[in-house]
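Asks: Model the structure of this input:
(chains A and B)
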Amino acid sequence: MKQEEYFTQLVREHKSTIYTVCYMFSKDEEEVNDLFQETLINMWKGIDSFREESKISTWIYRVALNTCLLQERKKKKEMKKMPLTMDVNFFQDNDANSTQVRMLHQRIGRLGLVDRALVMMWLEGMSYDEIGAVMGISAQNVGVKLFRIKEQLKKNA
Amino acid sequence: MEKMEFEEMRNQFAILKKQLDKQEIISNRLLRETMKAKRSSINSTERMCYVFVAIALLLTPLNFYTHAWGLAFSIVTCLMMLFCAAATYYIHKPVDDLNFLTDDFATVARVMAKFKKQYNQWLYYWTPILLIPWLGWACYDFGWKHAPEGVNPLWMCFPLLIGAVIGGSIGLYYHFKAVNAAQDILDEIQE
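Replies: Okay, here's the model as predicted:
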């Protein structure tokens, strides 16, 4: 399969994961768009470095999180700004679903950046080993951190 | 209560996923634009540093042939520049080898902390150790040896000192830019 076709298929399959990460690290729709596009560029640039031995979902999470956490957002505008093709705006819509999603965004948004990443992966249903692989910490450490985060969320509730 | 709280978060996350599955999100145009981006990135600042060293290495023998500098000073200058280029390469290599897209946070944090420490050591220890004696020798070679009768050698050194100030300022700018970038990344990770 050609690299372009593989990339297109990959992005289409994991678009909701990428969007979720970008959404949880953004303040508004515009920022989601920027981060989403930057993540796509980084995935495209780094697709050769993806090693088949790791799970593709883990790699995508790592790229998306690294983009959200580490990129100098104001620089590197290599592409035209283009809106995402969506008919829902989780930041503004007032239907029941969007309100629920916004509540989740607010809860997670109270956490620090790294804790936010951990909770998202936990909600995604990733194993402690997979989360540890993304974060560079042991599975045991992931468990300890998640326990502390849950305590913090409980206090914030 | 606690369980309910997290159950609710899981439900909200499921709603988000379900909503997103209904959305197209990515257009063909967006994908086309993405794939226009170059796949390799080059550390232009570091490359520029090597280009400057190469130019300086070519100019130093010229200074010797025009009798502006002595042989010993020219050789030491060349060696010093090669040493600086090697040190720059050594300090930058772990960061260049780092893959921000595939390496985990712990690796990135470790490499950036080491880079920051080495780069600061380079500025505060190695730069004065190398630069102050070199500047003194340069003033002596250029001013005191070549000053025409009746001309104060200090005036001969004036352009050299201006050059040192400009060069030093550019060097400091790039130094703090690199160190601050490393610090920003460390702050983000440690937050």
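Asks: what helices or strands is the helix or strand hosting A:Lys45 leaning on?
Replies: Under the criterion DSSP states H and E, the helix or strand holding A:Lys45 is helix A:29-46. Packing contacts for helix A:29-46, counted by 3 or more C-beta pairs under 8 Å, 6 or more residues apart in numbering or on different chains; DSSP states H and E, involve helix A:3-13, helix A:15-24, helix A:56-70, helix B:28-34. C-betas here are computed from N, CA, C, even on glycine.
Asks: which residue is nearest the middle of chain A?
Replies: Relative to the mean C-alpha position of chain A, the nearest C-alpha, by C-alpha atoms, centre = their mean, is the one of A:Val21, at 1.9 Å.
Asks: so that one makes contact with A:Ala64?
Replies: Yes: with contact defined as C-beta atoms under 8 Å, A:Val21 reaches A:Ala64; the gap is 4.0 Å.
Asks: Which residues are in contact with each of those two?
Replies: A:Thr39 (C-beta atoms under 8 Å, 6 or more residues apart in numbering or on different chains).
Asks: Show the pLDDT at residue 42.
Replies: Just going to use chain A. Predicted confidence (pLDDT) at A:Asn42: the value is 85.
Asks: try again with chain B
Replies: 40.
Asks: do the same with A:Tyr23
Replies: 93.
Asks: got a list of what it touches?
Replies: Contacts of A:Tyr23 by C-beta under 8 Å, 6+ apart are A:32, A:90, A:105, B:16.
Asks: List just the nearest of the residues you listed to B:Ala138.
Replies: A:Val32 (55.5 Å; C-beta to C-beta).
Asks: Would you mind confirming that that closest one is in contact with A:Thr20?
Replies: No: judged on C-beta under 8 Å, A:Val32 makes no contact with A:Thr20 at a distance of 10.1 Å.
Asks: State the distance from A:Leu111 to chain B.
Replies: A:Leu111 sits at a distance of 10 Å from chain B (criterion: C-beta to the nearest C-beta, to the nearest Å).
Asks: okay but that residue is in contact with A:Lys155, surely?
Replies: No: checked against C-beta under 8 Å, the pair A:Leu111 and A:Lys155 is beyond contact range at 11.6 Å.
Asks: More neighbours: which of those two?
Replies: More crowded of A:Leu111 and A:Lys155, by other C-beta atoms under 10 Å in any protein chain shown: A:Leu111, with 18 against 8.
Asks: ok, now which ones touch the more buried one?
Replies: Here A:Leu111 is in contact with A:119, A:149, A:152-153 (criterion: C-beta under 8 Å, 6+ apart).
Asks: Quick one: the helices in chain B, in order.
Replies: Secondary structure of chain B, counting by DSSP state H: helices at B:2-21, B:28-34, B:44-65, B:71-97, B:105-121, B:127-139, B:153-190.
Asks: Just give me how far the longest one sits from the chain centre.
Replies: Read it as helix B:153-190. Offset of helix B:153-190 from its chain centre (C-alpha atoms, centre = their mean, to the nearest Å): 10 Å.
Asks: tell me the phi and psi of A:Gln92?
Replies: phi -120, psi -30 (degrees, to the nearest 10).
Asks: Enumerate every residue touching it.
Replies: So A:Gln92 contacts A:29, A:98 (C-beta under 8 Å, 6+ apart).
Asks: so which residue of chain A comes closest to chain B?
Replies: A:Gly136 (2.9 Å; C-beta to the nearest C-beta).
Asks: Counting neighbours, what do you get for that residue?
Replies: A:Gly136: 17 neighbours (other C-beta under 10 Å).
Asks: The helix-or-strand element of chain A with minimal mean pLDDT packs against which elements?
Replies: Every helix and strand of chain A was ranked by mean pLDDT, DSSP states H and E. The lowest is helix A:56-70, at a mean of 84. Counting contacts by 3+ C-beta pairs under 8 Å, 6+ apart, helix A:56-70 packs against helix A:15-24, helix A:29-46, helix A:113-124, helix A:128-135, helix B:105-121, helix B:153-190.
Asks: Recalculate using a threshold of 7 Å.
Replies: helix A:15-24, helix A:29-46, helix A:113-124, helix A:128-135, helix B:153-190 (3 or more C-beta pairs under 7 Å, 6 or more residues apart in numbering or on different chains; DSSP states H and E).
Asks: how about those helices in a markdown table, adding distance to B:Thr60?
Replies: A markdown table is the format used below for those (distance: least, C-beta to C-beta, whole Å):
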| stretch | distance to B:Thr60 |
| --- | --- |
| helix A:15-24 | 51 |
| helix A:29-46 | 39 |
| helix A:113-124 | 48 |
| helix A:128-135 | 49 |
| helix B:153-190 | 14 |
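Asks: Relative to A:Thr99, which of the ones you listed is closest?
Replies: helix A:15-24 (14.8 Å).
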